[in-house]
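Colleague: This is a predicted model, with the sequence first.
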Amino acid sequence: MSANDKLIAEQNLEGLQQNPYPGRGIVIGLTPDGTKLVQVYWIMGRSVNSRNRIFVQEENGFLRTEAKDPALLTDPSLIIYYPLKHTEGSHIVTNGDQTDTIYDTLLAGGTFEQALMTRTFEPDAPNYTPRISGLVQLNNPECQYKLSILKSNAGNPEQTFRQYFHYEQALAGYGHCIHTYSEDGDPLPSFQGEPKLVPLYDDIEQTLHAYWDRLNEDNKISLLVKTIQIDNGQTELKVINKQ
(Lines give C-alpha, C1' and ligand atoms only; values in the text may rest on other atoms or scores of the structure.)
Protein backbone atom coordinates (compact mmCIF):
# COMPACT_ATOMS: atom_id res chain seq x y z
CA MET A 1 0.00 0.00 0.00
CA SER A 2 1.21 3.50 -0.80
CA ALA A 3 1.52 6.37 1.65
CA ASN A 4 -1.49 7.94 -0.07
CA ASP A 5 -3.58 4.81 0.53
CA LYS A 6 -2.61 4.88 4.20
CA LEU A 7 -3.63 8.51 4.42
CA ILE A 8 -6.98 7.78 2.77
CA ALA A 9 -7.64 4.93 5.20
CA GLU A 10 -6.87 7.12 8.21
CA GLN A 11 -9.05 9.92 6.84
CA ASN A 12 -11.94 7.49 6.33
CA LEU A 13 -11.60 6.32 9.93
CA GLU A 14 -11.60 9.89 11.19
CA GLY A 15 -14.61 10.56 8.97
CA LEU A 16 -16.68 8.29 11.22
CA GLN A 17 -16.09 10.77 14.02
CA GLN A 18 -17.51 13.58 11.88
CA ASN A 19 -20.67 11.61 11.03
CA PRO A 20 -23.21 11.72 13.87
CA TYR A 21 -25.22 8.83 12.46
CA PRO A 22 -23.63 6.32 10.07
CA GLY A 23 -26.08 3.76 11.50
CA ARG A 24 -24.99 0.14 11.59
CA GLY A 25 -21.58 -0.65 10.11
CA ILE A 26 -19.38 -3.53 8.97
CA VAL A 27 -15.62 -3.66 8.43
CA ILE A 28 -13.80 -6.71 7.02
CA GLY A 29 -10.09 -6.97 6.37
CA LEU A 30 -6.71 -8.35 7.46
CA THR A 31 -4.42 -7.68 10.41
CA PRO A 32 -1.06 -6.01 9.63
CA ASP A 33 0.83 -9.25 10.33
CA GLY A 34 -1.30 -11.04 7.72
CA THR A 35 -2.37 -13.86 10.03
CA LYS A 36 -5.97 -13.01 10.88
CA LEU A 37 -9.03 -11.84 9.01
CA VAL A 38 -11.10 -9.33 10.97
CA GLN A 39 -14.80 -8.55 11.18
CA VAL A 40 -16.03 -5.40 12.93
CA TYR A 41 -19.72 -4.69 13.44
CA TRP A 42 -21.45 -1.89 15.32
CA ILE A 43 -25.00 -0.76 15.99
CA MET A 44 -26.36 2.71 16.72
CA GLY A 45 -29.79 4.01 17.62
CA ARG A 46 -31.81 7.18 18.16
CA SER A 47 -35.10 5.83 19.56
CA VAL A 48 -35.63 4.29 23.00
CA ASN A 49 -36.44 0.98 21.30
CA SER A 50 -33.23 1.00 19.24
CA ARG A 51 -31.01 2.03 22.15
CA ASN A 52 -32.38 -0.70 24.42
CA ARG A 53 -29.97 -3.34 23.06
CA ILE A 54 -26.81 -5.22 23.92
CA PHE A 55 -24.69 -7.88 22.18
CA VAL A 56 -24.81 -11.33 23.80
CA GLN A 57 -22.41 -14.13 22.82
CA GLU A 58 -23.65 -17.72 22.79
CA GLU A 59 -21.54 -20.78 23.63
CA ASN A 60 -21.48 -21.89 19.98
CA GLY A 61 -19.77 -18.65 18.95
CA PHE A 62 -22.93 -17.12 17.51
CA LEU A 63 -23.83 -13.62 18.71
CA ARG A 64 -27.28 -12.08 19.05
CA THR A 65 -28.79 -8.75 19.98
CA GLU A 66 -30.95 -8.69 23.09
CA ALA A 67 -33.10 -6.11 24.87
CA LYS A 68 -31.24 -4.71 27.86
CA ASP A 69 -34.57 -3.95 29.52
CA PRO A 70 -37.35 -6.22 28.20
CA ALA A 71 -39.97 -3.84 29.63
CA LEU A 72 -38.86 -1.13 27.17
CA LEU A 73 -38.97 -3.37 24.08
CA THR A 74 -41.78 -2.23 21.78
CA ASP A 75 -40.94 -3.73 18.37
CA PRO A 76 -38.37 -6.55 18.11
CA SER A 77 -38.80 -7.15 14.37
CA LEU A 78 -35.82 -5.15 13.10
CA ILE A 79 -33.62 -4.87 16.19
CA ILE A 80 -33.44 -8.43 17.61
CA TYR A 81 -31.41 -10.76 15.38
CA TYR A 82 -28.09 -12.63 14.99
CA PRO A 83 -25.33 -10.37 13.62
CA LEU A 84 -22.81 -13.24 13.70
CA LYS A 85 -23.02 -16.88 12.66
CA HIS A 86 -20.52 -19.32 11.17
CA THR A 87 -20.42 -22.72 9.50
CA GLU A 88 -17.51 -24.79 8.12
CA GLY A 89 -15.08 -21.93 7.59
CA SER A 90 -17.72 -19.43 6.49
CA HIS A 91 -18.10 -16.47 8.87
CA ILE A 92 -21.20 -14.31 8.38
CA VAL A 93 -21.81 -10.80 9.70
CA THR A 94 -24.90 -8.72 8.87
CA ASN A 95 -27.14 -5.99 10.22
CA GLY A 96 -30.33 -8.04 10.34
CA ASP A 97 -32.06 -11.39 10.10
CA GLN A 98 -30.52 -11.99 6.67
CA THR A 99 -27.75 -13.61 8.74
CA ASP A 100 -30.10 -16.58 9.06
CA THR A 101 -30.92 -16.52 5.33
CA ILE A 102 -27.22 -16.64 4.40
CA TYR A 103 -26.47 -19.30 7.03
CA ASP A 104 -29.31 -21.58 5.87
CA THR A 105 -28.40 -21.10 2.20
CA LEU A 106 -24.73 -21.96 2.79
CA LEU A 107 -25.73 -25.08 4.72
CA ALA A 108 -27.88 -26.11 1.75
CA GLY A 109 -24.97 -25.69 -0.66
CA GLY A 110 -25.95 -22.27 -1.98
CA THR A 111 -24.02 -19.02 -2.12
CA PHE A 112 -23.94 -15.67 -0.36
CA GLU A 113 -25.32 -14.01 -3.48
CA GLN A 114 -28.13 -16.53 -3.92
CA ALA A 115 -29.20 -15.99 -0.32
CA LEU A 116 -29.36 -12.22 -0.66
CA MET A 117 -31.32 -12.39 -3.92
CA THR A 118 -34.25 -13.51 -1.74
CA ARG A 119 -34.03 -10.41 0.47
CA THR A 120 -34.38 -6.66 0.09
CA PHE A 121 -33.96 -3.52 2.19
CA GLU A 122 -35.73 -3.18 5.54
CA PRO A 123 -39.45 -2.21 5.45
CA ASP A 124 -39.00 0.84 7.70
CA ALA A 125 -40.48 3.59 5.52
CA PRO A 126 -39.45 6.29 4.81
CA ASN A 127 -35.82 5.31 5.55
CA TYR A 128 -35.88 1.87 3.89
CA THR A 129 -32.69 1.04 5.77
CA PRO A 130 -30.20 -0.92 3.65
CA ARG A 131 -29.34 -4.48 4.54
CA ILE A 132 -25.55 -4.75 4.75
CA SER A 133 -23.83 -8.13 4.88
CA GLY A 134 -20.31 -9.56 4.90
CA LEU A 135 -18.74 -12.99 4.50
CA VAL A 136 -15.32 -14.50 5.13
CA GLN A 137 -14.80 -17.95 3.59
CA LEU A 138 -11.54 -19.62 4.56
CA ASN A 139 -12.19 -22.43 2.06
CA ASN A 140 -12.66 -20.08 -0.92
CA PRO A 141 -9.31 -19.65 -2.74
CA GLU A 142 -10.81 -17.11 -5.16
CA CYS A 143 -12.19 -14.61 -2.65
CA GLN A 144 -11.04 -13.79 0.88
CA TYR A 145 -14.11 -11.73 1.77
CA LYS A 146 -17.29 -10.20 0.40
CA LEU A 147 -19.52 -7.27 1.25
CA SER A 148 -23.04 -6.49 0.06
CA ILE A 149 -25.62 -3.74 0.36
CA LEU A 150 -29.29 -3.99 -0.62
CA LYS A 151 -30.95 -0.58 -0.75
CA SER A 152 -33.83 1.33 -2.30
CA ASN A 153 -33.44 3.55 -5.32
CA ALA A 154 -32.92 6.89 -3.56
CA GLY A 155 -35.82 6.14 -1.23
CA ASN A 156 -38.09 4.69 -3.92
CA PRO A 157 -39.15 1.23 -2.64
CA GLU A 158 -40.24 0.07 -6.09
CA GLN A 159 -36.64 -0.78 -7.00
CA THR A 160 -33.88 -2.57 -5.09
CA PHE A 161 -30.21 -1.87 -5.80
CA ARG A 162 -28.13 -4.99 -5.11
CA GLN A 163 -24.42 -4.31 -4.84
CA TYR A 164 -21.78 -6.98 -4.18
CA PHE A 165 -18.09 -6.32 -3.57
CA HIS A 166 -15.65 -9.24 -3.83
CA TYR A 167 -12.10 -8.96 -2.51
CA GLU A 168 -9.88 -11.68 -3.96
CA GLN A 169 -7.00 -10.74 -1.68
CA ALA A 170 -7.01 -8.92 1.64
CA LEU A 171 -4.51 -6.11 2.25
CA ALA A 172 -2.43 -6.47 5.41
CA GLY A 173 -3.39 -3.75 7.88
CA TYR A 174 -6.53 -2.64 6.04
CA GLY A 175 -10.19 -3.42 5.69
CA HIS A 176 -13.23 -2.15 3.83
CA CYS A 177 -16.09 -0.42 5.63
CA ILE A 178 -19.74 -0.16 4.70
CA HIS A 179 -22.54 1.33 6.79
CA THR A 180 -26.25 1.87 6.41
CA TYR A 181 -26.48 5.67 6.19
CA SER A 182 -24.28 8.23 4.50
CA GLU A 183 -25.15 10.83 7.15
CA ASP A 184 -27.87 11.94 9.55
CA GLY A 185 -31.15 13.15 8.07
CA ASP A 186 -34.90 12.75 7.89
CA PRO A 187 -35.38 10.46 6.11
CA LEU A 188 -31.94 8.92 6.56
CA PRO A 189 -29.99 8.79 3.26
CA SER A 190 -28.54 5.40 2.33
CA PHE A 191 -24.80 4.72 2.05
CA GLN A 192 -23.43 5.67 -1.36
CA GLY A 193 -20.48 4.42 -3.39
CA GLU A 194 -17.96 1.66 -2.74
CA PRO A 195 -16.89 0.41 0.69
CA LYS A 196 -14.27 2.68 2.22
CA LEU A 197 -10.67 1.69 2.88
CA VAL A 198 -9.95 1.79 6.64
CA PRO A 199 -7.10 0.69 8.95
CA LEU A 200 -6.96 -2.43 11.12
CA TYR A 201 -4.51 -3.48 13.83
CA ASP A 202 -2.86 -6.64 15.15
CA ASP A 203 -4.21 -6.04 18.67
CA ILE A 204 -7.94 -6.79 18.87
CA GLU A 205 -8.46 -4.23 21.63
CA GLN A 206 -6.82 -1.52 19.54
CA THR A 207 -9.16 -2.27 16.65
CA LEU A 208 -12.16 -2.28 18.97
CA HIS A 209 -11.36 1.13 20.44
CA ALA A 210 -10.27 2.63 17.11
CA TYR A 211 -13.89 2.31 15.94
CA TRP A 212 -15.84 2.53 19.20
CA ASP A 213 -14.11 5.74 20.25
CA ARG A 214 -14.96 7.40 16.93
CA LEU A 215 -18.68 6.64 16.96
CA ASN A 216 -21.03 9.36 18.15
CA GLU A 217 -21.27 9.16 21.94
CA ASP A 218 -25.03 9.77 22.07
CA ASN A 219 -25.97 7.28 19.34
CA LYS A 220 -23.56 4.35 19.66
CA ILE A 221 -24.90 1.21 21.33
CA SER A 222 -22.64 -1.82 20.86
CA LEU A 223 -19.61 -2.94 18.85
CA LEU A 224 -17.84 -6.24 18.26
CA VAL A 225 -14.53 -7.32 16.78
CA LYS A 226 -14.00 -10.89 15.63
CA THR A 227 -10.67 -12.25 14.39
CA ILE A 228 -10.30 -15.45 12.39
CA GLN A 229 -6.92 -17.18 12.23
CA ILE A 230 -6.28 -17.97 8.56
CA ASP A 231 -4.19 -21.10 9.09
CA ASN A 232 -6.42 -22.93 11.57
CA GLY A 233 -9.76 -21.09 11.75
CA GLN A 234 -9.43 -20.24 15.43
CA THR A 235 -11.51 -17.21 16.41
CA GLU A 236 -11.46 -14.51 19.06
CA LEU A 237 -14.36 -12.19 19.85
CA LYS A 238 -14.42 -8.94 21.81
CA VAL A 239 -17.63 -7.02 22.55
CA ILE A 240 -18.36 -3.63 24.07
CA ASN A 241 -21.86 -2.57 25.12
CA LYS A 242 -22.65 1.00 26.12
CA GLN A 243 -25.28 -0.19 28.60
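Modeller: Now that the structure is in, tell me what you want to look at. Numbering: from 1, shown residues only.
Colleague: how about the helices in this protein?
Modeller: Here the chain has its helices, by DSSP state H, at 3-18, 48-51, 98-107, 112-116, 204-212.
Colleague: any idea which of those helices scores lowest on pLDDT?
Modeller: Lowest mean pLDDT within the helices of the chain: helix 48-51, a mean of 82.
Colleague: Can you list the neighbours in contact with that helix?
Modeller: Residues outside helix 48-51 that contact it (Cβ atoms under 8 Å, 6 or more residues apart in numbering): 44-45, 72-75, 79, 221, 243. (Each C-beta comes from the backbone N, C-alpha and C, glycine too.)
Colleague: next one: stretch 114-133
Modeller: 23-26, 78, 92-96, 98-99, 101-102, 104-106, 112, 147-152, 155, 157, 160, 162, 164, 178-181, 187-188, 190-191.
Colleague: Narrow those residues to just the buried residues.
Modeller: When the contacts of stretch 114-133 are checked for burial by 16 or more other Cβ atoms under 10 Å, the buried set is 23-26, 92-96, 98-99, 101-102, 105-106, 112, 147-152, 160, 178-181, 188, 190-191.
Colleague: From the contacts of stretch 114-133, which land in strands?
Modeller: Within the contacts of stretch 114-133, residues falling in strands by DSSP state E are 25-26, 92-94, 147-152, 157, 160, 162, 164, 178-179.
Colleague: quick revisit: JSON lines please, covering the helices of the chain and showing distance to Pro123.
Modeller: Below are the helices of the chain laid out as JSON lines (distance: least, Cβ to Cβ, whole Å):
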{"stretch": "helix 3-18", "distance to Pro123": "27"}
{"stretch": "helix 48-51", "distance to Pro123": "16"}
{"stretch": "helix 98-107", "distance to Pro123": "13"}
{"stretch": "helix 112-116", "distance to Pro123": "16"}
{"stretch": "helix 204-212", "distance to Pro123": "28"}
